[in-house]
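Chemist: model this:
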Amino acid sequence: MKELKKLILAFGFIAAAQAQTSFEQDAYFSNLNNFTFFNPKLSSILQFPNHWNDQQFHFRWNTHLYHGNNFALHTSLR
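Modeler: Just a heads-up that it's a prediction; the model follows:
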């Protein structure tokens, strides 16, 4: 009985190794730059600068792992 379990387990590993595995990934990086002018009279009253410069960075990385027809793994990093 132990030999039969080992044989079934070995065939399971061989079948898993032969299943088609694919790995996909994609990523993007963006810089959103914002430059705003204020009214000089209003900014001097409120003690703000005459302009405002702001930058916002975005990075996203997506991965997909497919193993055979029944297993898929998706992860994302942002």
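Chemist: after the helix or strand bottoming out on mean pLDDT in the chain, which helix or strand is next? Please name it.
Modeler: Every helix and strand in the chain was compared by mean pLDDT, DSSP states H and E; the lowest is helix 2-18, with a mean of 65. As assigned by DSSP states H and E, the chain's next helix or strand after helix 2-18 is strand 21-37.
Chemist: what comes into contact with that following strand?
Modeler: 50-68 (C-beta atoms under 8 Å, 6 or more residues apart in numbering). From N, CA and C alone the C-beta is placed, and that goes for glycine too.
Chemist: just the buried residues of the residues you listed.
Modeler: Using 16 or more other C-beta atoms under 10 Å as the burial test, the contacts of strand 21-37 include residue 66 as buried.
Chemist: got a list of what residue 69 touches?
Modeler: Applying C-beta under 8 Å, 6+ apart, no residues contact residue 69.
Chemist: could you report the pLDDT at it?
Modeler: Residue 69 carries a pLDDT score of 79 in this model.
Chemist: with residue 59 instead?
Modeler: 92.
Chemist: please report how far it lies from residue 65.
Modeler: 21 Å (C-beta to C-beta, to the nearest Å).
Chemist: what does residue 29 give?
Modeler: From residue 29 to residue 65 the distance is 22 Å (C-beta to C-beta).
Chemist: this completes my enquiry, with thanks.
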